[in-house]
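Asks: Sequence and computational prediction follow.
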Amino acid sequence: MKFPRPALAAACALAATALVAGCSSSGSPAATASSNQKVTLTFWSWVPNMQKIVDVWNASHPDIQIKFTEAAGGDAELAKLLTAGKAKDMPDLAQIEYQSLPTMVSNNYLADISSYDASLKSDYPAGIWDQVTLGTSALYGVPQDAAPLALFYRKDLFKKYNLAVPTTWAQYATEAAQLHKDDPSIYMGDTATTDAGLFAGLTQQAGAQWWSASGQSWSVGIDSAAAQKVASYWGGLVESHAVDSQTAWTASWDKSFSSGEYASWISAVWAPGDLVSQAANTSGDWAMAELPQWSAGQDVSGAWGGSATSVTSDSAHPQQAAQFIAWLNQSTQGTSLLVSDGSVYPASLTAESSSSLPAQTFMDQSDFYTLAKQYSASTAAATWGPDVDVAYSDFSDDFTSTVTTQAGYLSALSKLQAAVVADMKSTGFTVSGS
Amino acid sequence: MTTAPSLHTHDAAAPLTGARRVRPNGRGQRWNPSPRRMPYSFIAPAVVLFVVVFLVPLGYTVYLSTQKTQVEGLGLGANARKQVAAGFSNYTYVFHDGEFWQSVLRAVVYGCILIPIMLGLATAFALILDAQHVRFQRLGRLAIFLPYAVPTLIGSIIWGMMYLPAFSPINSVLHAVFGIQGINFFGSHIVYLSVANIGVWGGTGFNMMVLYTSLRSLPQETYEAARLDGANERQISLRIKLPMIRPAMIMTGIFSTIATLQVFNEPYAIHEISNGGVSTTWTPLMTIYKDTYTANNVYLGAAESIVIALLMFVLSIVVLRATNRQIFGGEAR
């Protein structure tokens, strides 16, 4: 096999250039360009139809072009970002879930954009704004969506089996047991312990703080009394077979919704967007109610997910990036596109009360947005720690299908606490009270 | 053939023997390369590649494995996280990490199920396809080989769907035919079989192909002689073919052993849907993946990788030694 010499030489030269270019680009970022120079910014997000929204921005902002790359989802994108961060190869902009912000900040992978976007503060609920400042004077992103928990239930099934919409957890448990007894082919729902994010949100409602910081040390409250209350509640329901115990987010779980095996789903306000695909045939049958409370008369919710858009520390143009974020997450045009094309429930207060919110067509709930706004305002505050991803990953190893008793759930919880504390200590964090 | 030696002397051997040669360049200068340097320039590309794609990354991994992250205070400031030298502390951690050795043990159990079944099936299929008067040979070969062409991750996801309780066609068939109900394919023991089954499905075809190719290259005269001596097909298969393809069988055995310790795709795909049946640290490579990417501790991941590489190296040598002795022992008899 022979290659023509000039071609070979050219190929070698090209390869060498690429290598050198690759090395040099990992050096220090170029000096910040002046604001009127044309820049292209890269952006990772998993919001559906984000490309459409970006196209609208690009058409009206020829000097700040956004190059969008679709990411798989929260966990997958975080792992990619952490790896890219080591190679100093992160995109300029990235969507990041609230609970992952401390991890990114503690790796020094996010830019402080307080000098550009701090004025947006008044348009966000204090609890959500705290998520992007981590309680400091810095600003690590602008909130995009709020994800308060609610109870989604099948109106038709509730009517058929003569069930009242549960307002307390005690009522939920009684009705769940009764329903499965009346018709063994139906469950009130599945256990909330196969997804770490959902479980964390429910403990948040009960008053747990998985992490909290004071002075220079962290404390971990995963195995706190409030979280134990939630774990033993679900452990009890699983032990008595009042709820189904299959893993969430599988094809078989989807089928349980479409076949009418589940009468309700404890989820966040983004649920309709998911139900459309996992149970399209149940359109019009669903309604939303406040999350059941621990004592009657309370009004507290938790959150499951929700995310901000951040500028990474690898971006050479934080100012322009911050400008795009403000448009996307706070401007009327940006938020209404997010709502209509991305099925996002906006965090911005202006957007929440906007009359331009599209009608919620999947559900039989004409006051969907009014309720969502109430739940968002009543969401308990949360502080996330620097190793949430470890906690969430270990959660799936501790709360497994082989754990089927109340006692098992409690010991899984304390195992999780021990693993998270051990991980933090091994990285050198000061962890108090353990 | 007669011209070959002269060509050889003229071209390649000339610089080695130091014979003078005028290089046909414009100035007509004599080109006199150092005779000792020439061989090195021949092996240079291989050496450079070996260094760049093997030794340098290996060295970097070893370096990373001696580092660790040190956090100051809450770890939230700009320079709160530093990379500091850790000596052998990552290795000490690995050696005392029960979960890591559990994952090695699980991989060994998985291998003990997978390898005998997979290689047994591969050998049986190869012998059957190689036997005389077998119908649908081409079709059979293709059908057995085809799963190997399916990317393991895709195969695992499809198998995973078939394992899902309440969704599994396997369960509905078992229920309809035998009245067995609701097998949990992710149960604490059966999960080994479930994962190994995916490995068998995907790996049998490849190993069968290796063994079959080796069977086809055997001299036909031996069979003829055996037949004249009155041996039937079964005897030929077991007494003649099998001993003669032993080197190929050893090779597939070593490859399978190495692949077993490295198993990742199948259990990783099953992990997502198994509700803890396959944990995040089920196999050594999953543990490494989790520590490196989820826990964001590339230093610990590097140390674990080195330990696994060494284990694999030792294991390969042990297998080679053991099987070699067997071969030579067999020949001496």
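Replies: Arrived safely, thanks for sending.
Asks: quick one: the strands in the chain?
Replies: With no chain named, the answer covers chain A. Here chain A has its strands, by DSSP state E, at A:39-45, A:64-70, A:93-97, A:142-143, A:149-154, A:211-214, A:217-220, A:264-268, A:286-290, A:307-311.
Asks: that's the wrong chain, I meant chain B
Replies: For chain B, applying DSSP E gives strands covering B:67-71, B:81-85.
Asks: Dump these into JSON lines; add distance to A:Ala176 and mean neighbour count as well.
Replies: All C-beta spots, glycine's among them, are computed from the backbone N, C-alpha and C. Listed next are the strands of chain B as JSON lines, based on distance: least, CB to CB, whole Å; neighbours: other CB atoms under 10 Å in any protein chain shown:
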{"stretch": "strand B:67-71", "distance to A:Ala176": "44", "mean neighbour count": "19"}
{"stretch": "strand B:81-85", "distance to A:Ala176": "45", "mean neighbour count": "12"}
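Asks: how about the ones you listed, which one is nearest chain A?
Replies: Proximity to chain A (CB to the nearest CB) singles out strand B:67-71 among the strands of chain B, at 4.0 Å.
Asks: Quickly run through the sheet partners of the closest one, with directions.
Replies: Strand pairing for strand B:67-71, determined by DSSP bridges: strand B:81-85 (antiparallel).
Asks: which residues sit in contact with the closest residue to chain A within chain B?
Replies: Across chain B, no residue is closer to chain A than B:Gly276, which sits at 2.2 Å (CB to the nearest CB). With contact taken as CB atoms under 8 Å, 6 or more residues apart in numbering or on different chains, B:Gly276 is in contact with A:396-403, B:186.
Asks: Tell me how far it lies from B:Phe186.
Replies: To B:Phe186, B:Gly276 is 8 Å away according to CB to CB, to the nearest Å.
Asks: Also B:Leu55?
Replies: 42 Å.
Asks: Which residue of those two possesses the greater neighbour count?
Replies: More crowded of B:Leu55 and B:Phe186, by other CB atoms under 10 Å in any protein chain shown: B:Phe186, with 25 against 11.
Asks: which residues touch that one?
Replies: So B:Phe186 contacts A:401, B:163, B:194, B:270, B:274-278 (CB under 8 Å, 6+ apart).
Asks: how many other residues sit next to B:Asn197?
Replies: B:Asn197: 18 neighbours (other CB under 10 Å).
Asks: That one contacts B:Gly160, doesn't it?
Replies: No. Contact between B:Asn197 and B:Gly160 fails when scored by CB atoms under 8 Å: they sit 11.3 Å apart.
Asks: How about A:Ala382, nearest residue that isn't a chain neighbour?
Replies: A:Gln204 (5.1 Å; CB to CB, 6 or more residues apart in numbering or on different chains).
Asks: On the pLDDT front, check the residue positioned nearest the centre of chain B for me.
Replies: By CA atoms, centre = their mean, chain B has its centre lying nearest to B:Ala259, at 3.6 Å. Note for B:Ala259: predicted pLDDT of 89.
Asks: By proximity to chain B, which residue of chain A wins?
Replies: Closest point on chain A to chain B, by CB to the nearest CB, is A:Thr400, at 2.2 Å.
Asks: OK, contacts around that residue?
Replies: A:412, B:275-277, B:279.
Asks: can you list the residues of the stretch 201-350 of chain A near chain B?
Replies: Within the stretch 201-350 of chain A, the positions near chain B by CB under 8 Å from any CB of the partner chain are A:213, A:216-218, A:245-247, A:250-252, A:255-256.
Asks: In JSON lines, list the strands of chain B along with mean pLDDT.
Replies: Converted to JSON lines, the strands of chain B look like this (pLDDT from 0 to 100):
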{"stretch": "strand B:67-71", "mean pLDDT": "87"}
{"stretch": "strand B:81-85", "mean pLDDT": "85"}
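Asks: wait, which of those is closest to B:Val109?
Replies: Of all the strands of chain B, strand B:67-71 sits nearest to B:Val109, with 31.8 Å by CB to CB.
Asks: Spatially nearest residue to residue 157, not counting backbone neighbours?
Replies: I'll assume chain A. A:Ala263 (4.3 Å).
Asks: let's do chain B instead
Replies: B:Ala269 (5.2 Å).
Asks: Can you give me the domain boundaries for chain B?
Replies: B:48-87, B:96-327 (automatic domain parsing).
Asks: Buried residues of the shortest one, list them for me.
Replies: Just to be clear, that refers to domain B:48-87. B:61, B:64-69, B:71, B:74-76, B:80-81, B:86 (16 or more other CB atoms under 10 Å in any protein chain shown).
Asks: pretty sure B:Leu64 contacts B:Asn297?
Replies: No. B:Leu64 is beyond contact range of B:Asn297, at 10.3 Å (criterion: CB under 8 Å).
Asks: Could you see whether chain A lies near stretch B:104-121?
Replies: No. Counting by CB under 8 Å from any CB, chain A has no neighbours in stretch B:104-121; the shortest distance is 13.0 Å.
Asks: send the alpha carbons of that stretch over as PDB?
Replies: What follows is stretch B:104-121 as a C-alpha-only set of coordinates in PDB (Å, rounded to 0.1, in the frame of the first residue of the first chain):
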ATOM      1  CA  VAL B 104     -14.200  -8.400  41.800                       C
ATOM      2  CA  LEU B 105     -15.800 -11.400  43.400                       C
ATOM      3  CA  ARG B 106     -19.100 -10.800  41.600                       C
ATOM      4  CA  ALA B 107     -17.200 -10.600  38.300                       C
ATOM      5  CA  VAL B 108     -15.500 -13.900  39.100                       C
ATOM      6  CA  VAL B 109     -18.900 -15.500  39.800                       C
ATOM      7  CA  TYR B 110     -20.200 -14.100  36.600                       C
ATOM      8  CA  GLY B 111     -17.200 -15.500  34.700                       C
ATOM      9  CA  CYS B 112     -17.600 -18.900  36.300                       C
ATOM     10  CA  ILE B 113     -21.200 -19.000  34.900                       C
ATOM     11  CA  LEU B 114     -20.500 -17.300  31.600                       C
ATOM     12  CA  ILE B 115     -17.200 -18.900  30.400                       C
ATOM     13  CA  PRO B 116     -18.100 -22.600  30.600                       C
ATOM     14  CA  ILE B 117     -21.500 -22.100  29.000                       C
ATOM     15  CA  MET B 118     -20.400 -19.800  26.300                       C
ATOM     16  CA  LEU B 119     -17.300 -21.700  25.300                       C
ATOM     17  CA  GLY B 120     -19.100 -25.000  25.600                       C
ATOM     18  CA  LEU B 121     -21.900 -23.800  23.300                       C
END
